[in-house]
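# Below is the sequence, then the predicted model.
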Amino acid sequence: MASKLRLTLAIVGALSWACAACPASAAEPTSRQVRFVIPAGMLDHALQALATQGRVQLMYAPDLVGTRRSSGLQASLSAEQALDALLRDTGLRAVQVTSNAFLIERAPAPVAARPPQPEPIREPVELATVEVTGTHIPRASIDVVTAAPLTRISRAQIEASGYQTVFELLSYQPGMISHHPVDVATDGGFQSQQPFAAAATTSLYGLGPRATLILIDGRRVANYGLASAELGGLTDLNGIPLTMVDRIEIMRGGASAIYGADAMAGVINIILRKQQTGGEVSARYGLSERGDAEQRRLSLSYGEQTDRGGNFFLGADYFHRDALEGSQRDWRTADLSRQGLADRRIPLGYFSLFDLAIVQPACPDDVRDADGQCFLDTPRYLTLQPEMESAAVYARLRQPLGETLEFDGSLRLGQVQQRLQAAPLHGSIALPPGHPDEVLPDIPTLLDYAFFDVGPVRSRSNSQSADVDLGLSGLLREWQWRANVSHHRNRVDNQIDGLISNSAFSQALSDYSYRFNSPDNPPQVLSALSPRVEVEGDARFDQFTFAVNGPWFSLPGGETQTALGVEWSRDALRNEPDPRMLEGDIALGAQKSRLDDHRYSSAFYAEMSLPIATWLHADAAWRIDHRQGYGSESSPMFGLKWTPLETLTVRATSATGYRAPSLFELRRPSIGGGTLEAVEATPGLVPCGIPTTFQGVDYCLVTHGAIENPNLQPETSRSHTLGLVWAPTESFDLSIDRFRINRRNEIVTTNAVADPEAFPLSLERDEQGLLVAINDYFINVGRTQVAGWELQSEYRLDTQAQGRFTFRLAASYLSQLERQLSPDLPALDYAGHGSPKRSVLAALEWMYGNWATTLNVHQLGPVEIAAPGRPCATLNEQAGKCRTPASTTADVYLAYGGFANWRLSLNIDNVTDRDPRNYDPAKGGYDIAYDDPRGRFYLLSAAYRF
């Protein structure tokens with residue numbers, strides 16, 4: 001067929017993924033009588049309703065149906081009879097291809113010849129079944145209007161985007177915030193000195209990755225093996241090759257009633273390719289305008305039909321990307337003085353304890369500037385884009401075992417290696433009396449020093465993942481059942497070089513074996529001073545599910561559909577830090593703790609699709625989860641669709657959600673453990689074990705540590721959406737939705753410094769009641785409320801002479817991001833602070849003959865520099881740069897398919913070669929969550945089908 005086939009499916013009952021259901025239900029005779037209630041309207045909508053109510057599969061090209069209309073149908077008929085009635089006088093007919101599937105085609109009777117049109121580029125035709133995010137009940141089509149806002153990224157849009165990873169693709173979607181592997185490794189700032197846990201993920205609406213559930217084919221997978229100290233457990237999107245993805249669906253709003261814990265802000269469902277006929281080999285090569293950031297990719301996919309109507313699919317992928325360092329881009333610096341802003345470079349040398357000023361610079365000669373000063377510009381050393389090498393293989397088999405029984409299974413193996421670096425370790429050092437490098441013995445000084453001779457801190461991670469899914473489905477009368485068992489594992493080995501051992505450094509200070517800023521330090525001394533640190537992590541997730549679904553009773557709008565299911569899962573996490581990390585022997589590094597734990601969970605869910613009337617449809621879901629150690633949590637959800645006009649649908653949802661404490665949060669927070677700190681001696685803290693006074697202010701010298709909190713409770717949320725979908729013609733649709741999410745009992749890290757009475761668990765006193773330590777711990781005290789708007793629109797124009805045009809627009813506006821870290825602190829609105837309120841993605845696609853081209857435009861709103869409730873920094877205000885301005889980038893895609901079996905394409909990202917611009921001195925001229933550091937980038941692709 002000349003254009004993509006629309007797969008309209010409705011099968012007996014509902015599965016969380018419907019890919020295996022079609023063959024099992026195909027054996028059901030289509031001659032049985034069904035009560036059809038199909039309103040008058042567009043023929044396309046009528047066919048979708050017939051497929052749902054009759055539980056049959058329909059295949060047809062959208063252009064074939066076009067703007068034809070239907071007079072509707074209300075009768076008890078077989079599916080074949082109902083099709084004949086709907087298609088009467090339309091010039092179309094239904095051809096039965098299996099016992100439960102029909103192909104809609106032109107009737108043989110003579111019809112008016114259509115003027116010839118240019119043949120569009122043909123994509124591989126993959127007659128896969130439909131999976132819909134946000135429900136366990138199968139829908140008639142992936143294009144059906146859902147009660148909750150749903151964004152769909154098709155395979156064609158993925159190709160046209162030019163992105164090479166799932167992480168990059170999702171990062172540029174409106175409403176998304178990216179969590180870059182460098183940002184994750186450094187816990188959110190370029191000043192971090194211990195890069196760790198280099199995973200890549202995204203989240204919705206500023207609620208963080210803990211509130212966004214990421215699924216693969218509707219299933220949970222194991223988290224990244226190492227938990228981030230700042231973000232907790234993450235799903236590493238770099239471990240999912242984009243070449244194996246069929247489409248991605250983003251459900252916005254709470255979905256815990258469908259998927260359980262963590263789905264408070266929404267769900268990202270990454271749907272892998274299921275089948276194809278024949279094979280395809282593709283190669284891609286990318287390079288920036290400046291000749292760096294090179295990328296290479298080779299992928300293979302092959303599929304064929306098996307006996308009894310089954311199919312087999314195999315995919316393999318290899319990807320390599322060169323590192324891009326901060327020193328390779330002029331704008332990457334902590335010195336923003338050329339823009340009239342602050343210079344955040346770190347001065348190096350001896351500084352006086354009297355006036356805290358550098359009295360003598362000290363650094364290697366090759367680091368000194370023209371004026372002889374010494375500065376450490378940390379962003380220049382920090383990796384902008386990690387070096388990455390990945391390999392993956394994916395296989396899937398679907399095989400009917402009889403008339404009403406089917407097996408399906410999949411196996412996915414992957415490995416991702418990443419390398420990144422940070423600045424040389426640096427800090428303030430008190431030299432012992434008489435040390436040969438103490439150049440100012442008469443002035444009390446400290447030495448601000450960077451270990452340039454040791455080199456940058458370098459992190460290398462090797463992540464290996466394995467995912468196995470086995471399923472069996474069948475048909476029992478009008479109900480379908482499915483049993484599924486899955487195993488998911490992610491193992492990470494992390495090696496860090498360039499850190500400093502506290503014990504070795506203390507020894508070197510006392511015996512003078514290490515000389516500061518000397519080129520003559522022996523290699524054996526440097527090796528002892530900076531030993532390699534190794535960390536291991538292993539995350540596992542095992543799950544068993546059983547689900548049944550089917551029709552229950554009839555309503556005026558049609559037959560209700562019901563889904564029931566039970567789930568059992570085991571979540572395990574093992575983190576094995578280096579012994580030096582456990583002992584606190586890493587200078588200026590967070591003390592880590594060993595973790596080896598697991599937790600069992602079970603759940604029961606029920607879902608109903610209720611066609612109350614032809615113009616009113618309700619969806620109801622309810623789920624109860626039981627987590628080991630936390631009891632049970634109930635999550636209801638209700639959705640409503642009202643169609644007052646044939647072209648207008650009003651929709652709304654209301655849902656609750658929750659997130660149980662992760663295995664990582666059951667332990668103590670990762671902090672710079674064991675350090676001695678001075679805190680003001682307020683009435684709630686005294687008496688002090690070690691009192692001191694500085695400039696007339698009393699302080700307590702205390703040990704800063706961390707403890708566990710055994711009384712953590714789940715976070716909870718409530719979300720609401722309200723919107724409308726307007727489709728006045730078959731070629732145009734527009735949706736606009738308002739959302740609001742309120743998350744309570746948030747788990748945050750806190751201590752008693754700000755409010756001793758509120759957090760007494762943080763205070764540690766000796767036997768005499770003297771304060772000796774203040775400990776951080778996790779506690780349920782935070783609250784966040786977000787609200788905003790989502791807009792999506794698409795317009796399609798088919799012309800006889802100029803080809804097909806498609807315009808897409810997606811936009812997100814965050815009107816509120818109110819956070820309250822604890823009850824005693826004020827609630828602050830962070831919308832537009834640190835991240836933009838507005839994000840827009842527009843695309844113009846043109847298909848003509850063997851050519852296809854797409855222009856993608858991405859726009860981000862301005863960002864306030866100051867934190868909410870705080871004034872703009874003096875230098876920023878004087879320079880008139882209290883906000884980072886809005887930014888716009890454009891990407892171009894061009895493809896040609898005129899050669900037999902070949903497809904050639906070119907992507908040009910950031911065609912205007914826009915450099916990042918950011919006026920926040922703390923970010924080093926660049927926002928890692930939004931900016932592309934490569935500049936103009938070219939990607940050539942070639943694919944051959946056989």
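All right, it came through fine.

# Would you verify that A46 is located in a helix?
Yes: the assignment for A46 is a helix, going by DSSP: H, G, I helix; E, B strand; the rest coil.

# Would you check that it makes contact with L86?
Yes: when contacts are counted by Cβ atoms under 8 Å, A46 is listed as touching L86 (5.6 Å). The way it works is simple: take the backbone N, C-alpha and C, and place the C-beta from them, glycine included.

# which residues do the two both contact?
38, 70, 73 (Cβ atoms under 8 Å, 6 or more residues apart in numbering).

# mind putting those residues in TSV, neighbour count and pLDDT included?
Converted to TSV, the shared contacts of A46 and L86 look like this (neighbours: other Cβ atoms under 10 Å; pLDDT from 0 to 100):
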residue	neighbour count	pLDDT
I38	26	78
S70	23	80
L73	20	81
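
# Would you reformat these as TSV and include secondary structure?
Below are the shared contacts of A46 and L86 laid out as TSV (three-state DSSP):
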residue	secondary structure
I38	strand
S70	strand
L73	strand
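
# How about the residue in this structure that sits furthest from its center?
Distance to the chain centre peaks in the chain at D442, reaching 56.2 Å (criterion: Cα atoms, centre = their mean).

# For that residue, give me its contacts.
Applying Cβ under 8 Å, 6+ apart, no residues contact D442.

# do you know how far the residue nearest to the spatial centre of the chain is from L446?
The chain has T202 as the residue nearest its centroid, 2.8 Å off, counting by Cα atoms, centre = their mean. Going from T202 to L446 by Cβ to Cβ, to the nearest Å gives 42 Å.

# which residues of the stretch 251-400 of the chain fall in strands?
With strands called from DSSP state E, counting those that start in this stretch, the stretch 251-400 of the chain shows them at 266-272, 278-288, 295-305, 311-321, 324-325, 346-347, 349-352, 358-361, 375-376, 383-385, 387-400.

# wait, R398 sits on D469?
No: counting by Cβ under 8 Å, R398 stays clear of D469, with 11.6 Å between them.

# So between those two, which is more surrounded?
More neighbours surround R398 than the other of R398 and D469, with 25 against 21 (other Cβ atoms under 10 Å).

# Run through the stretch 501-650 of the chain and note the low-pLDDT ranges.
Residues of the stretch 501-650 of the chain meeting the criterion pLDDT under 70: none.

# R219: how many residues sit nearby?
For R219, using other Cβ under 10 Å, the count is 19.

# Run through the neighbouring helices and strands of the strand or helix carrying S506.
Secondary structure assignment for S506, by DSSP states H and E: helix 502-511. Packing partners of helix 502-511 (3 or more Cβ pairs under 8 Å, 6 or more residues apart in numbering; DSSP states H and E): helix 523-529.

# any idea of the pLDDT on the nearest residue in space to V65 that is not next to it in sequence?
In space, and not counting its chain neighbours, V65 is closest to D44: 4.7 Å by Cβ to Cβ, 6 or more residues apart in numbering. As predicted, D44 sits at a pLDDT of 77.

# Dump the strands of the stretch 251-400 of the chain into CSV; add distance to L666 and mean pLDDT as well.
Shown next, in CSV, are the strands of the stretch 251-400 of the chain (distance: least, Cβ to Cβ, whole Å; pLDDT from 0 to 100):
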stretch, distance to L666, mean pLDDT
strand 266-272, 25, 93
strand 278-288, 42, 96
strand 295-305, 40, 95
strand 311-321, 35, 96
strand 324-325, 37, 96
strand 346-347, 36, 94
strand 349-352, 42, 89
strand 358-361, 45, 89
strand 375-376, 38, 95
strand 383-385, 32, 94
strand 387-400, 31, 96
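
# Tell me which of the ones you listed is the most buried.
strand 266-272 (a mean of 26; mean count of other Cβ atoms under 10 Å).

# chain center to that strand: distance?
Counting by Cα atoms, centre = their mean, to the nearest Å, strand 266-272 is centred 9 Å from the centre of its parent chain.

# likewise stretch 411-425?
In terms of Cα atoms, centre = their mean, the centre of stretch 411-425 is found 17 Å from the chain centre.

# Now do the buried residues in the helix holding S506.
The neighbour-count check on helix 502-511 (16 or more other Cβ atoms under 10 Å) flags 502, 504-505, 508-509 as buried.

# what's the neighbour count on D538?
Number of residues near D538 (other Cβ under 10 Å) recorded here: 19.

# Same check on the one 3 residues further on?
Counted by other Cβ under 10 Å, the residues lying close to F541 total 20.

# could you say what helices and strands the helix or strand harbouring it packs with?
Element membership for F541 (DSSP H and E) is strand 533-555. Contacts defined by 3+ Cβ pairs under 8 Å, 6+ apart place strand 533-555 against strand 479-497, strand 558-576, helix 579-582, strand 595-613.

# Strand partners (parallel or antiparallel) of that strand?
If you go by DSSP bridges, strand 533-555 pairs up with strand 479-497 (antiparallel), strand 558-576 (antiparallel).

# Tell me which residues of that strand come out buried.
533, 535, 537-543, 545, 547-551, 555.

# ditto for stretch 517-524
For stretch 517-524, using 16+ other Cβ under 10 Å, the buried residues are 517, 521.

# do the same with stretch 876-895
Buried, per 16+ other Cβ under 10 Å, within stretch 876-895: 876, 879, 881-884, 887, 889-895.

# Any regions of the stretch 51-200 of the chain where pLDDT drops low?
The stretch 51-200 of the chain contains residues with pLDDT under 70 at 62-63, 98-99, 109-132, 139-143, 186-192.

# All the strands of it, in order from the start?
Here the stretch 51-200 of the chain has its strands, by DSSP E, counting those that start in this stretch, at 57-60, 69-70, 73-77, 92-98, 101-106, 150-153, 176-179.

# re the thing from before, okay if I get the strands of the stretch 251-400 of the chain as CSV plus distance to P579?
Compiled in CSV, these are given as follows (distance: least, Cβ to Cβ, whole Å):
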stretch, distance to P579
strand 266-272, 38
strand 278-288, 41
strand 295-305, 38
strand 311-321, 33
strand 324-325, 31
strand 346-347, 30
strand 349-352, 34
strand 358-361, 37
strand 375-376, 29
strand 383-385, 27
strand 387-400, 28
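
# Please name whichever of these is nearest to Q628.
Nearest of the strands of the stretch 251-400 of the chain to Q628, taken as Cβ to Cβ: strand 266-272 at 23.7 Å.

# Now L298. Nearest residue, chain neighbours left out?
Y318 (4.9 Å).

# is that neighbour in a bridge, and if so with what?
Going by DSSP bridges, Y318 is paired in beta bridges with L298, A391.

# residues contacting it?
With Cβ under 8 Å, 6+ apart, Y318 has these contacts: 297-299, 390-391.
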